[in-house]
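> using only what follows, build the 3D model:
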Amino acid sequence: MGSPLRTVHLRRSSPSSPADTVAITVDGGSGVDLARVGLALGLDPASVRPNGYFLSRGPGHVCSAVTWRALLAFFAKRGLPTGADAAAPVVVHGRPAAPTAPSSGCAVDHMDHPLGPPLLP
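This next block holds a predicted model:
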């Protein structure tokens, strides 16, 4: 069974990004899910580094070798932000995620098109 859930506040490190913070709820006893952190901030999960630290990652960009509780204790010992509140968010470094292109192909419903369905020869 995991630890009690806690809220961790995050902020992108990029000066060009908005200074807004996001909050995610994590289980202190579970591995650090870097894909979830990346998704919350619009970052590529393969490049996510909380407070500038690289964490090894396994399948699905989850760092199973380090729990949230251990990571946040590590940050606290070094005087780094632990994300306990929006005033002291964990600063997350990483590359912006690639924009997702709209899907193309046969999945488009032409019945809703203003000109009606396509005519078949």
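
> and the contacts of the lowest-mean-pLDDT helix or strand in the chain?
The weakest-scoring helix or strand in the chain, judged by mean pLDDT, DSSP states H and E, is strand 62-67 (a mean of 90). Residues from elsewhere that reach strand 62-67 (CB atoms under 8 Å, 6 or more residues apart in numbering): 3, 28-35, 55-58. Glycine gets a C-beta too; all of them are placed from N, C-alpha and C.

> just the mean pLDDT for stretch 74-85, thanks.
For stretch 74-85, mean pLDDT is 97.

> and it, which residues are buried?
In terms of neighbour count (16 or more other CB atoms under 10 Å), stretch 74-85 has its buried residues at F75, L80, P81, T82, G83.

> where does A76 sit: helix, strand or coil?
Three-state assignment for A76 (DSSP: H, G, I helix; E, B strand; the rest coil): helix.

> relative to P96, how far out is the nearest residue to it once chain neighbours are set aside?
Leaving aside its sequence neighbours, A76 sits nearest to T82 (CB to CB, 6 or more residues apart in numbering; 5.1 Å). Separation of T82 from P96 (CB to CB, to the nearest Å): 25 Å.

> T7 now?
Relative to P96, T7 is positioned 24 Å away (CB to CB).

> looking at the buried residues of stretch 74-85, which are in helices?
F75 (DSSP state H).

> looking at the buried residues of stretch 74-85, which is nearest S14?
P81 (16.0 Å; CB to CB).

> find the nearest non-adjacent residue to the closest one, please.
Leaving out its chain neighbours, the residue that sits closest to P81 by CB to CB, 6+ apart is A88, at 4.4 Å.

> if we can go back for a sec, quick check: PyMOL command selecting the buried ones in the contacts of strand 62-67.
The following PyMOL line selects those of those that are buried, judged by 16+ other CB under 10 Å:
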select buried, resi 28+31+32+33+34+35+55+57
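
> looking at the contacts of strand 62-67, which gets the smallest pLDDT?
Among the contacts of strand 62-67, S3 has the lowest pLDDT, at 74.
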